[in-house]
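Novice: Show me the folded form of this:
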Amino acid sequence: MKNKKIYRLIKTECGRAKYENLILNKTLFGKIRLYWFIFFATLKDINIKD
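Specialist: Next up is the predicted model:
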């Protein structure tokens, strides 16, 4: 995958794939869900080494 800045926060492959899927949804609900996912994925992956 591409080396994006967000990948410093989301470190698992399944999380990165989910992020790529959610970024395509441009509706208001889609953006809320994306930010919700980024917040919780960051909390979950905070202890994982790169």
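Novice: quick one, what contacts the spatially most central residue of the chain?
Specialist: With distances taken as C-alpha atoms, centre = their mean, Tyr19 lies nearest the centre of the chain, 4.0 Å away. Residues near Tyr19 by C-beta atoms under 8 Å, 6 or more residues apart in numbering: Ile6, Ile10, Leu34, Phe37, Ile38, Ala41. C-betas here are computed from N, CA, C, even on glycine.
Novice: The second one contacts Leu43, correct?
Specialist: No - distance between Ile10 and Leu43: 10.8 Å, which falls outside the contact criterion (C-beta atoms under 8 Å).
Novice: who's more crowded, those two?
Specialist: Set Ile10 next to Leu43 and count neighbours by other C-beta atoms under 10 Å: Ile10 wins out with 21 against 10.
Novice: contacting residues around that one?
Specialist: Contacts of Ile10 (C-beta under 8 Å, 6+ apart): Arg16, Tyr19, Ile38, Ala41, Thr42, Asp45.
Novice: What residue, apart from its backbone neighbours, is nearest it spatially?
Specialist: Ala41 (4.8 Å; C-beta to C-beta, 6 or more residues apart in numbering).
Novice: Could you pull up phi and psi at that neighbour?
Specialist: When quoted as degrees, to the nearest 10, the phi and psi of Ala41 stand at phi -70, psi -40.
Novice: now it: how far from Lys49?
Specialist: As judged by C-beta to C-beta, to the nearest Å, Ala41 and Lys49 stand 16 Å apart.
Novice: which two in the contacts of Ile10 are spaced the farthest apart?
Specialist: Arg16 and Thr42 (12.4 Å; C-beta to C-beta).
Novice: pLDDT below threshold where in this structure?
Specialist: Counting by pLDDT under 70, the chain shows low-confidence ranges at 1-2, 50.
Novice: can you pull out the helices in it?
Specialist: In the chain, the segments counted as helices under DSSP state H are 13-22, 28-45.
Novice: List the buried residues for the shortest one?
Specialist: Using 16 or more other C-beta atoms under 10 Å as the test for burial, helix 13-22 gives Gly15, Arg16, Tyr19, Leu22.
Novice: on that earlier part again, what subset of the contacts of Tyr19 is buried?
Specialist: Using 16+ other C-beta under 10 Å as the burial test, the contacts of Tyr19 include Ile10, Leu34, Phe37, Ile38, Ala41 as buried.
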